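[1] model the structure of this input:
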Amino acid sequence: MKWLTLPALQLPLLALVLTLSYPQTNLAQSPAPATSINTDYYLGGGDNIRIDIYDLPQLSGEYQIPAGGAIQIPIIGSIPLQGLTLEQAAQVISRAYGRVVKRPLVTISLQAARPLNIWLSGEISRPGSYLLPLANGGGNRPSVQFPTLPQALEKAGGIRASADIRRVIVRRRLTANKEITITYNLWDYLQTGQTSQDITLRDGDQILVPPQETINLAETSQLSESNFSIPAEQPRTVSVFGEVKRPGRYVAIGGDTQNGQRSNGQPTIIRALQLAGGITSIADIRQIQLQRYTRSGKQQIRTINLWQYLQEQDTSQDTILQEGDIIFVPTATAIDPGEVSVLTTASFAPGTVQVSVIGEVNTPGGLKLPPNTTLNQAIMSAGGFRQNRANSRYVELIRLNPNGTISRSQVAINLNQGIDAQSNPLIQDNDIIIVARSRTAILADNINTVLSPVNNIIGGILVPTRLIELLRLFGN
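    Purely as a prediction, here's the structure:
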């Protein structure tokens with residue numbers, strides 16, 4: 001343990017002794033220069049100290065400073081130590097005993113420091129007041145035992161993705177009337193290891209983490225790997241809307257969420273799209289909108305380009321999410337057939353789509369098909385048109401829209417047509433394709449009905465009338 005020893009002042013005049021017996025606030029250290037924060041330790045309620053007076057063990061002992069900041073020492077009585085450094089406290093006690101002891105040698109050491117009360121606010125997971133304990137040990141300068149700025153951020157749950165760690169503000173009160181404010185650049189600390197940006201904290205420090213002006217995709221993933229970011233396993237609630245299979249709110253956790261499995265990783269945009277069932281076949285993945293709100297309520301919007309992620313391996317586009325993020329996937333204004341196969345095999349596309357093909361096909365019913373399936377391919381998957389019965393010129397497409405509405409359209413069939421929004425669109429989940437009867441099939445079915453034994457009972461006049469009606473229909 002390192003000790004601090006100071007000789008007492010020999011004061012020939014009693015008046016001068018009495019004047020110096022009790023410290024005044026002017027003993028507090030002056031504010032640090034504007035470029036740094038003073039790292040001296042200031043005594044306060046809860047600190048355990050030891051006072052040793054050379055050759056006078058009866059006056060020595062250990063003390064816990066009470067909440068008021070003054071201790072009771074033998075002969076002298078009450079001595080206020082609140083807000084003093086160890087050096088200043090040694091001077092005060094040395095002067096006090098100088099009235100009764102000739103040249104006392106006073107030694108003070110810090111046995112156990114009180115927990116630090118630190119306030120954190122801004123872009124962190126859990127803003128508020130925190131008690132941070134000090135590491136074991138003692139000495140007259142125990143600054144190496146004090147918690148650091150990154151440790152305080154970690155204690156508060158880590159920084160949010162919207163945090164600007166280049167402008168972390170620390171406010172420290174030196175005296176009742178003196179406070180200093182310093183801005184620290186923790187980005188430099190991460191990039192270069194500059195320990196000057198990793199300060200030790202003191203009791204009463206206030207830390208403010210401001211928000212970024214805009215969402216920085218390149219830096220977000222790097223920040224997530226620091227020990228003072230929000231842990232990957234911490235759930236965060238996000239909302240996903242637009243061209244996804246199941247729009248709504250989801251709790252995103254790091255890792256691949258497909259097939260009920262989750263590997264290591266961060267909760268990202270792609271994780272959220274997977275939770276929402278994947279994108280639809282008409283999603284515009286170049287213009288995905290990420291909306292984010294800071295602690296102060298300011299909205300930040302950033303365009304996410306997952307096509308750039310797929311083609312250029314730009315992993316920054318798969319940005320990490322934070323609590324409350326909103327993701328909107330817009331509808332594509334045009335579909336490039338050459339891109340369809342890439343999109344439908346992406347990890348954020350659904351594995352299959354469920355469609356129903358009914359009517360005049362060879363194997364009508366429900367089908368599970370790849371998400372890049374076109375209308376023509378769906379009909380072929382249902383066995384194709386029934387020969388001499390299907391209306392192969394037009395089919396009816398019924399679509400259940402994500403907003404709850406139903407659209408119904410007639411599509412002209414061209415089996416030689418590639419992907420086309422009008423004549424051969426990509427099918428979507430829950431689409432219903434209706435293949436109607438041809439006019440020949442309608443006529444034949446009605447004739448069979450008319451000529452059936454049941455209808456023949458009606459009488460001879462009914463048959464000619466029905467035939468005239470059917471011929472008129474066929475003529476139209």
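
[2] give me the secondary structure label for the residue nearest the centre of the chain.
    The centroid of the chain falls nearest to Gln322 when counting by C-alpha atoms, centre = their mean (1.7 Å). Following DSSP: H, G, I helix; E, B strand; the rest coil, the label given to Gln322 is coil.

[3] span of stretch 209-228 from start to end?
    Distance across stretch 209-228, first residue to last, is 12 Å (C-alpha to C-alpha, to the nearest Å).

[4] does the residue nearest to Asn305 when sequence neighbours are not counted belong to a helix, a strand or coil?
    Excluding its sequence neighbours, the residue lying closest to Asn305 (C-beta to C-beta, 6 or more residues apart in numbering) is Arg286, at 5.1 Å. All C-beta spots, glycine's among them, are computed from the backbone N, C-alpha and C. Classification of Arg286 by three-state DSSP places it in coil.

[5] surely Arg286 meets Tyr309?
    No - if you go by C-beta atoms under 8 Å, Arg286 and Tyr309 don't touch, sitting 10.2 Å apart.

[6] who has more neighbours, these two?
    Tyr309 (20 against 14; other C-beta atoms under 10 Å).

[7] what helix or strand is that one on?
    helix 306-312 (DSSP states H and E).

[8] residues contacting that helix, please?
    Here helix 306-312 makes contact (C-beta atoms under 8 Å, 6 or more residues apart in numbering) with 269-270, 285-286, 288, 314-315, 317-318, 339, 342-343, 346, 348.

[9] out of the residues you listed, list just those in strands.
    Here DSSP state E is the test, and the contacts of helix 306-312 give Ile288 as lying in strands.

[10] what is the nearest of the contacts of helix 306-312 to Pro57?
    Taking C-beta to C-beta as the measure, Pro57 sits nearest to Thr315 out of the contacts of helix 306-312, at 67.4 Å.

[11] spit out the contact partners of the closest one.
    By C-beta under 8 Å, 6+ apart, the contact set of Thr315 is 221, 309.

[12] quick check, pLDDT for it.
    Among the per-residue scores, Thr315 holds a pLDDT of 90.

[13] how close does it get to Leu275?
    19 Å (C-beta to C-beta, to the nearest Å).

[14] distance of Ile118 relative to Ala232?
    Counting by C-beta to C-beta, the gap from Ile118 to Ala232 is 25 Å.

[15] and the gap between Gly77 and Ile427?
    91 Å.

[16] and what of Leu56?
    Using C-beta to C-beta, which is the criterion applied here, Leu56 is 95 Å from Ile427.

[17] more neighbours, the two?
    A count of neighbours by other C-beta under 10 Å puts Ile427 above the other of Leu56 and Ile427, at 28 against 14.

[18] okay, now the unreliable bits of the stretch 351-476 of the chain?
    402-403, 450-476 (pLDDT under 70).

[19] make it 80
    401-404, 421, 445-446, 448-476 (pLDDT under 80).

[20] please enumerate the helices of it.
    For the stretch 351-476 of the chain, applying DSSP state H, counting those that start in this stretch gives helices covering 375-381, 439-450, 453-456, 462-475.

[21] before we move on, what about the stretch 201-350 of the chain?
    Using DSSP H, counting those that start in this stretch, helices in the stretch 201-350 of the chain cover 217-224, 269-275, 306-312, 337-344.

[22] just the C-alphas of stretch 397-404, formatted as PDB.
    This file holds the C-alpha atoms of stretch 397-404, laid out as PDB (Å, rounded to 0.1, in the frame of the first residue of the first chain):
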ATOM      1  CA  LEU A 397     -56.800 -14.400 -60.700                       C
ATOM      2  CA  ILE A 398     -58.000 -13.700 -57.200                       C
ATOM      3  CA  ARG A 399     -55.500 -12.100 -54.900                       C
ATOM      4  CA  LEU A 400     -55.700 -11.600 -51.100                       C
ATOM      5  CA  ASN A 401     -53.900  -8.300 -50.500                       C
ATOM      6  CA  PRO A 402     -51.900  -7.600 -47.300                       C
ATOM      7  CA  ASN A 403     -54.200  -4.800 -46.300                       C
ATOM      8  CA  GLY A 404     -57.200  -7.200 -46.200                       C
END
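
[23] wait, what's in contact with Val251?
    235-237.

[24] out of the residues you listed, which are inside strands?
    Among the contacts of Val251, the ones falling in strands (DSSP E) are 236-237.

[25] who wins for most neighbours among the contacts of Val251?
    In terms of neighbour count, Arg236 stands highest of these at 21 neighbours, by other C-beta under 10 Å.

[26] let me see the contact set for it.
    Neighbouring residues of Arg236 by C-beta under 8 Å, 6+ apart: 230, 251-252, 267, 321-325.

[27] show me which of those residues are buried.
    230, 252, 267, 321-323, 325 (16 or more other C-beta atoms under 10 Å).

[28] closest to Ser281 among those?
    Among the buried ones among the contacts of Arg236, and counting by C-beta to C-beta, the member closest to Ser281 is Ala252, at 23.6 Å.

[29] which pLDDT value goes with the nearest residue to that closest one once chain neighbours are set aside?
    Leaving out its chain neighbours, the residue that sits closest to Ala252 by C-beta to C-beta, 6+ apart is Pro267, at 3.9 Å. We have a pLDDT of 91 for Pro267.
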